[in-house]
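Q: Structural data only, the sequence is not supplied:
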Ligand code: 13P
Ligand code: SF4
């Protein structure tokens with residue numbers, strides 16, 4: 001008990017546990033031991049660092065992770081991803097304890113749509129249905145009729161009657177891509193992901209000139225100018241599948257570089273080139289996703305902190321928009 005009190009003190013204001021770890025500790029072995037002891041499951045997004053992916057029980061995109069969170073019989077869900085993903089897991093499994101290695105692992109896209117501002121925006125379009133990309137806060141989901149992920153977005157839009165006007169939030173790039181793909185005229189919230197907006201068209205075209213046989217694959221959170229030159233556009237799982245199935249041996253990958261770990265594992269004979277950002281830093285790594293580390297993962301499993309706590313109202317209201325998304329995905333054979 002005293003240990004837990006100390007741990008909670010170390011957590012205050014930091015968002016993660018700040019305890020000394022013996023540097024000789026075999027973290028992989030300890031994490032695996034804790035998994036068994038606590039009947040825990042580690043769910044990791046493809047953008048997590050490779051070591052975390054290696055220790056996870058399931059690695060996936062936002063849709064796959066939601067599905068796993070909903071159906072798991074584990075007592076403890078350890079979410080190696082960002083805050084909105086762990087919130088979604090909590091909404092889908094409200095009776096389970098959900099922990100996130102670093103509470104500050106947020107999302108620039110989710111932050112670009114504050115719920116109070118969105119509520120005002122929504123008032124201007126009273127007859128519209130709200131479709132929100134799952135990369136938004138739990139509170140925004142309470143203002144949403146149906147969620148979508150990059151895997152099911154087209155099917156979600158197409159499930160809405162043609163004469164029904166739509167607001168799409170928060171990603172203007174995914175929204176613009178969906179308008180083009182479905183022919184639906186949607187009102188877009190002006191949000192974006194900092195990682196997917198930073199890719200340089202100029203550097204990518206130069207890279208293509210040096211690798212003329214490489215396929216350019218991009219996530220739909222990228223800007224239209226990048227998507228226009230892509231050979232394939234898809235969610236993280238879609239991109240991974242494409243690299244496995246396409247006979248090309250070189251790929252320029254325009255999304256967060258963490259996904260390359262699984263691409264390389266599945267196709268060791270192929271070459272994956274991370275697309276360059278518009279400056280000289282490693283900005284194709286999501287600074288939020290990368291806040292999670294093996295040390296924080298170990299500590300959060302040991303102390304079951306920091307925990308995701310949501311009010312009953314947010315769980316009930318927000319969950320409805322995710323459950324509608326799951327129904328459409330099931331009908332469309334996506335899950
Ligand atoms: P998906 O893995 O669902 O394609 O989402 C990408 C992303 O940006 C997650 O933050
Ligand atoms: Fe958010 Fe973009 Fe990071 Fe995904 S990659 S978590 S959308 S900031």
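A: Everything's here; your move. Quick caveat, the model's predicted, so the values are computed rather than measured. Ligands and ions are numbered 1, 2, ... in the order given.
Q: Please count neighbours and contacts with C-alpha atoms only from this point.
A: Fine.
Q: since we're on the residue in the stretch 201-335 of the chain that ligand 1 sits nearest to, how many residues are nearby?
A: In the stretch 201-335 of the chain, the residue found nearest to ligand 1 is residue 235; the distance is 3.6 Å by C-alpha to the nearest ligand atom. Counted by other C-alpha atoms under 10 Å, the residues lying close to residue 235 total 21.
Q: quick one: it from residue 104, how far?
A: Using C-alpha to C-alpha, to the nearest Å, one gets 24 Å for the distance from residue 235 to residue 104.
Q: before we move on, back to that, you'd agree the residue of the stretch 201-335 of the chain closest to ligand 1 is up against residue 217?
A: No. Here residue 235 does not reach residue 217: they are 10.1 Å apart, not a contact under C-alpha atoms under 8 Å.
Q: ok, residue 230 - contacts?
A: Residue 230 is in contact with 215, 216, 217, 218, counting by C-alpha atoms under 8 Å, 6 or more residues apart in numbering.
Q: what sits against the residue of the stretch 201-335 of the chain closest to ligand 1?
A: Going by C-alpha under 8 Å, 6+ apart, residue 235 touches 61, 150, 151, 219, 220.
Q: what's the answer for residue 203, then?
A: So residue 203 contacts 276, 277, 278 (C-alpha under 8 Å, 6+ apart).
Q: Among those residues, which one lies nearest to ligand 2?
A: Among the contacts of residue 203, residue 277 lies closest to ligand 2 (C-alpha to the nearest ligand atom), at 13.3 Å.
Q: Do I have it right that the closest one meets residue 284?
A: Yes. Between residue 277 and residue 284 there is a contact at 6.2 Å, judged by C-alpha under 8 Å.
Q: list the residues that contact both of these two?
A: Common contacts of residue 277 and residue 284 (C-alpha under 8 Å, 6+ apart): 198, 199.
Q: tell me which parts of the stretch 1-150 of the chain are close to ligand 2?
A: Residues of the stretch 1-150 of the chain lying close to ligand 2 (C-alpha under 6 Å from any ligand atom) are 82, 107, 108, 109.
Q: ok, now the stretch 151-300 of the chain?
A: 193, 194, 195, 286, 288, 289.
Q: Select the helix or strand of the chain having the lowest average pLDDT value.
A: Every helix and strand of the chain was ranked by mean pLDDT, DSSP states H and E. The lowest is helix 2-11, at a mean of 82.
Q: if we can go back for a sec, among the residues of the stretch 1-150 of the chain next to ligand 2, who's most crowded?
A: Top of these by neighbour count (other C-alpha under 10 Å): residue 82, with 26 neighbours.
Q: Show the backbone phi and psi for that one.
A: As for residue 82, its main-chain torsions (degrees, to the nearest 10) stand at phi -110, psi 170.
Q: In contact with residue 127, which residues?
A: With contacts defined as C-alpha under 8 Å, 6+ apart, the neighbours of residue 127 are 164, 165.
Q: Let's see that with 7 Å instead.
A: If you count contacts by C-alpha atoms under 7 Å, 6 or more residues apart in numbering, residue 127 has them with residue 165.
Q: and it, what element?
A: Of the helices and strands defined by DSSP states H and E, none includes residue 127.
Q: tell me the phi and psi of it?
A: Phi and psi for residue 127, reported as degrees, to the nearest 10, are phi -90, psi 10.
Q: Present the contacts of residue 235 as JSON lines; the columns should include distance to residue 165, pLDDT and neighbour count.
A: Shown next, in JSON lines, are the contacts of residue 235 (distance: C-alpha to C-alpha, whole Å; pLDDT from 0 to 100; neighbours: other C-alpha atoms under 10 Å):
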{"residue": "61", "distance to residue 165": "28", "pLDDT": "96", "neighbour count": "19"}
{"residue": "150", "distance to residue 165": "20", "pLDDT": "97", "neighbour count": "23"}
{"residue": "151", "distance to residue 165": "22", "pLDDT": "96", "neighbour count": "20"}
{"residue": "219", "distance to residue 165": "26", "pLDDT": "98", "neighbour count": "23"}
{"residue": "220", "distance to residue 165": "22", "pLDDT": "98", "neighbour count": "26"}
